[in-house]
Each structure stands twice: as structure tokens, then as C-alpha cells.
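Asker: return atomic coordinates for the entry below.
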Amino acid sequence: EVQLVESGGGLVQPGGSLRLSCAASGFTFANYAMSWVRQAPGKGLEWVSGITWKGPSTFYAESMKGRFTISRDNAKNTLYLQMNSLKSEDTAVYYCAKGVDSTAWATYDYWGQGTQVTISS
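Answerer: Take a look at the predicted model:
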């Protein structure tokens, strides 16, 4: 059974940082692309960042470039999202998502339950 468990969310002040983690199990994590997706209150899903299986190659939504860093530790079956210079508009539930193959970071077949990130003073 595929499981994706996010952690690391919380309440931080604008300009602060958070590091999200996603622990994966039930599949060969190293063989799949992964992504982070978020949903702000009252809004639809927004893709944040993706990472391929090897290299790896990383991709970011325009508003996250230079502030967020996606990474993975295949030995630990864990995906990370380092978020710096956080803004109020980054407030959302953040989900990790499993790609359908090694490079398909934009097409997902499994999601985690999400972790809440709230940016507020």
C-alpha cells in the first residue's frame, strides 16, 4: 500500500522558514518523480515544485523560485521542501504527490494527507 505522510508544517511569521518532509512507503521511492502541491483556503490546487528520480532535475512554480528548494533522500525514502522568505500568500495545506513514473512530476497517482502551513504575524 502506497503511503505518503507529510510533516513539518506550522505557524511562522512572514519572512520565516519551514522544512516540510514527506515519508514514503509501499513503493520503490527512488524510481519515481515526486512533487509538492498546495491548496490555499478557498482556492484550488496549485503545483509548487517537482523533482525527477535521478539527477535529480528540479522544477518550481514561478512564485517559488529562489525561495523554495525541493530535494529527496532516496536512502531514507523521504521528500523535502525547504521554504524560505515565507509570505502570507504561502499559507496553505501542502501535499506531497507521487509521480506516475521516473520523470512525470506533473502527473500523480497518490497523495498524502497534507500538512498545514500558516504564515502570520
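Asker: quick one: the strands in the chain?
Answerer: When assigned using DSSP state E, the strands of the chain occupy the ranges 3-7, 10-12, 18-25, 34-39, 45-51, 58-60, 68-73, 78-83, 92-99, 108-111, 115-119.
Asker: partners of the fourth one, with directions?
Answerer: Spelled out, that is strand 34-39. Strand 34-39 sits in its sheet next to strand 45-51 (antiparallel), strand 92-99 (antiparallel), going by DSSP bridges.
Asker: figure out which of those is closest to Ala61.
Answerer: Of all these, it is strand 45-51 that lies closest to Ala61, at 5.7 Å by Cβ to Cβ. Every C-beta, even on glycine, is put in place using the N, C-alpha and C of the backbone.
Asker: for the chain, identify the residue most remote from the centre.
Answerer: In the chain, the greatest distance from the average C-alpha position (Cα atoms, centre = their mean) is reached by Ser121, at 23.4 Å.
Asker: I'd say it and Gly16 touch.
Answerer: No: assessed by Cβ atoms under 8 Å, Ser121 is found out of contact with Gly16, at 9.9 Å.
Asker: quick one: contacts for Ser49?
Answerer: Taking Cβ atoms under 8 Å, 6 or more residues apart in numbering, we find Ser49 in contact with 35-36, 58-61, 64, 68, 70, 81.
Asker: quick one: which of those has the most company?
Answerer: Tallying neighbours with other Cβ atoms under 10 Å puts Trp36 at the head of those, with 28 neighbours.
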